[in-house]
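Peer 1: how would this look folded up:
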Amino acid sequence: MELANLEARTDALHATWADGAPATYPTLWLRDNCPSAFHPQTDERVLDLLALDAEPVLLNAEAGGETVILHYADGHVSHMPLALLAAHRPGRPASDPAAIPPRLWRANLTPAGVPRFAAPHIMADDAVLREWLQHTAATGLSLVNRLENRIDAGVDVACKIGFLRETNFGMTFEVVSKPDPNNLAYTAVTLPLHTDLPNQEVPPGFQFLHCLANEAEGGGSLFADGFALAEDLRAEDPEAFRLLSEVAIPFRFHDRDADIRTHAPVITVDRTGAVSEIRWNAHIAATFDMPAEILPAYYRAYRKFMAMTRDPAYQLTFKLEAGEMIVFDNRRVLHGRESFDPSTGFRHLHGCYVDRGEFNSRLRLLASS
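Peer 2: Model prediction:
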């Protein structure tokens, strides 16, 4: 990136880039980000910001090849890389290979349209690994096939991304019908669309469900894009969207070994106003505790979102086969299951989680390799 013009003022550096875009860098920002402020090995900041004047005085600036040389009244000289100044213009977020815009979908996404990747290719080729992660991030889900017939085959794929997220259900979990269940997933009944563990302070990120057997009658998988649901709600009923995004409700899971609770809204928006997270699980939503005057309006909004999750216009359904694994963003994509008859055959899924932070870290590392 080339500079068209530089102007040093006592309180800021004013630059015009070759593309005509102006940028202003206050002097304290420049000193805070001077290369000398960082440890040469760890790249962590070692500068004590309080050791500087509140407004360092800039005397002059000159282009010096790939750097801009800055002279200050206190005698400090900075050699600021052009690449740093171009990438971190105040008011403009730095580029991020993990910031992949979501591609919203409704019932227009058919089973044939779900991104599909072969496990052996993911394990052997980082280019395929990166492509798989990119598609999974954009769509919110993908299907991995050709998994070996062993319990940890899906876990091995998840570990290509990063560390597994342990929960009160363990590092991994078995989705099978149990005689003494502590979760509806361990029964044969219908599971309406939901996200897992909204009772956690930070719910798990990406979920991996490896199908080892699915021989019973029924047991089809159900998915919906929670971001699409939320955006449609925002367009159709702004007041319902406001309530679900501003009013925190209690979530709680408890059994003999754990009692995990939090308050959080159903819809979370980021600093730009975009939907960034969905917490939807009517089974472990605890007793609503907002003021009585809010309850009627909140229930109306809550029921409207619930009705949308039951609408086939948002649903994707298919039945996993042995050797397949569905991977999805648990904080975006709602998932569910049709009831099944365990007397007609065995159904066994092996699951684990990898948090969004690990997922995004792997995307960034692959982009820089």
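Peer 1: can you report how many residues lie near the closest residue to residue 262 other than its chain neighbours?
Peer 2: When the adjacent residues along the chain are set aside, residue 262 lies closest to residue 201, with 5.3 Å between them (CB to CB, 6 or more residues apart in numbering). For the C-beta atoms, the positions are set from N, CA and C on the backbone; glycine is no exception. Applying other CB atoms under 10 Å, we find 9 residues neighbouring residue 201.
Peer 1: please tell me how far residue 201 sits from residue 279.
Peer 2: To residue 279, residue 201 is 11 Å away according to CB to CB, to the nearest Å.
Peer 1: so where is the stretch 51-200 of the chain shaky, pLDDT-wise?
Peer 2: For the stretch 51-200 of the chain, applying pLDDT under 70 flags the ranges 177-189.
Peer 1: and if we set it to 50?
Peer 2: 178-179, 181-183 (pLDDT under 50).
Peer 1: would you map the strands across it?
Peer 2: 58-64, 67-72, 77-81, 116-118, 141-145, 173-175, 191-194 (DSSP state E, counting those that start in this stretch).
Peer 1: would you mind giving those strands as JSON lines with mean neighbour count and distance to residue 331 added?
Peer 2: Below are these laid out as JSON lines (neighbours: other CB atoms under 10 Å; distance: least, CB to CB, whole Å):
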{"stretch": "strand 58-64", "mean neighbour count": "15", "distance to residue 331": "44"}
{"stretch": "strand 67-72", "mean neighbour count": "19", "distance to residue 331": "41"}
{"stretch": "strand 77-81", "mean neighbour count": "16", "distance to residue 331": "36"}
{"stretch": "strand 116-118", "mean neighbour count": "17", "distance to residue 331": "21"}
{"stretch": "strand 141-145", "mean neighbour count": "20", "distance to residue 331": "12"}
{"stretch": "strand 173-175", "mean neighbour count": "18", "distance to residue 331": "18"}
{"stretch": "strand 191-194", "mean neighbour count": "21", "distance to residue 331": "12"}
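Peer 1: which of those strands sits closest to residue 157?
Peer 2: Residue 157 sits nearest to strand 141-145 of all those, at 6.0 Å, using CB to CB.
Peer 1: let me see the domain layout of this structure.
Peer 2: Domain assignment for the chain, taken from automatic domain parsing, gives 3-87, 111-368.
Peer 1: just say which of the ones you listed is most tucked in.
Peer 2: Mean neighbours per residue, mean count of other CB atoms under 10 Å, is largest over the domains of the chain for domain 111-368, with a mean of 18.
Peer 1: ok now it, how far from the chain's centre?
Peer 2: Domain 111-368 sits 12 Å away from the centroid of its parent chain (CA atoms, centre = their mean, to the nearest Å).
Peer 1: straight-line length of it, end to end?
Peer 2: 33 Å (CA to CA, to the nearest Å).
Peer 1: coming back round to it: would you turn the strands of the stretch 51-200 of the chain into CSV with distance to residue 135?
Peer 2: Formatted as CSV, the strands of the stretch 51-200 of the chain follow (distance: least, CB to CB, whole Å):
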stretch, distance to residue 135
strand 58-64, 42
strand 67-72, 39
strand 77-81, 34
strand 116-118, 8
strand 141-145, 6
strand 173-175, 24
strand 191-194, 22
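Peer 1: all helices of the chain, in order?
Peer 2: Assigned by DSSP state H, the chain shows helices spanning 27-32, 82-87, 119-124, 126-139, 153-159, 226-236, 238-246, 295-310, 356-368.
Peer 1: okay if I get those as a markdown table plus distance to residue 336?
Peer 2: As requested, the helices of the chain are exported to a markdown table (distance: least, CB to CB, whole Å):
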| stretch | distance to residue 336 |
| --- | --- |
| helix 27-32 | 48 |
| helix 82-87 | 42 |
| helix 119-124 | 25 |
| helix 126-139 | 18 |
| helix 153-159 | 20 |
| helix 226-236 | 12 |
| helix 238-246 | 19 |
| helix 295-310 | 9 |
| helix 356-368 | 21 |
